[in-house]
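Undergrad: what follows is a predicted structure for the sequence shown.
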Amino acid sequence: PLHLGTCELYLTMNVSLPQPSPEALSHSSRLVEFIRQDIAAQNGWISFARYMELALYAPRLGYYTAGANKFGEAGDFTTAPELSPLFGRTLARQVAEIMSLSAPHILELGAGSGKLAADMLAELEQLGSLPVSYAILEVSADLRARQQALIRERLPHLLDRVHWLDALPERFSGAIVANEVLDALPVHLVHWRGGVPTERGVAM
């Protein structure tokens, strides 16, 4: 109950989430067991960053690496590039300005379906501001394949400008694009105990 002076307001929340399919539940159980084994192999404790890494990117088990459709109407969520090419076209104009002040290279972190890359490249071509290279850092083999297929379908003549990375380059000059990706990067979780920062983690 929420007390407002002499009024009492009762807030109730009746949330009913859909039940996962048997396949999804089975997949989830396999991922949990994989994480459990990793925790056991690390003497019963892993950092929160390691937990995020496994939950999201464990080979063939993590959220982004298991192969299920994540983006658009058939997926779990939708981002601006999936709704309209206007987002990519608008961003391309800013990226063109950045490249003119630095170097004609683009680095996109976590390119999702590849739609943003395709929309930006198409607009940059119209503007006469194509980058010399468009690098995509993508750790998901499934998403990387989808990105390659989309660019091959929409912009086959620009495919030679696009290449995929497994890790950040040591040096880079140009424009870096990271749309809806920061929340999917494994992070360390710390808290203060007695004036000293302590790392938090996950145990069984």
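TA: Sure thing, it's come through.
Undergrad: using the three-state scheme, assign Tyr64.
TA: coil (DSSP: H, G, I helix; E, B strand; the rest coil).
Undergrad: tell me the contacts of the nearest residue to it once chain neighbours are set aside?
TA: Leaving aside its sequence neighbours, Tyr64 sits nearest to Ser140 (Cβ to Cβ, 6 or more residues apart in numbering; 4.6 Å). For the C-beta atoms, the positions are set from N, CA and C on the backbone; glycine is no exception. With contact set as Cβ atoms under 8 Å, 6 or more residues apart in numbering, Ser140 has these partners: 57, 64-65.
Undergrad: so which of the residues you listed comes closest to Leu127?
TA: Tyr64 (31.5 Å; Cβ to Cβ).
Undergrad: tally of neighbours for Ala122?
TA: When neighbours are defined as other Cβ atoms under 10 Å, Ala122 has 18 of them.
Undergrad: wait, is it part of a helix?
TA: Yes. Judged by three-state DSSP, Ala122 forms part of a helix.
Undergrad: which residues sit in contact with it?
TA: Contacts of Ala122 by Cβ under 8 Å, 6+ apart are 85, 88-89, 154-155.
Undergrad: state the distance from the most centrally placed residue in the chain to Asp38.
TA: Closest residue to the average C-alpha location of the chain: Val181 at 3.9 Å, with Cα atoms, centre = their mean. Remark: distance between Val181 and Asp38 (Cβ to Cβ, to the nearest Å) = 24 Å.
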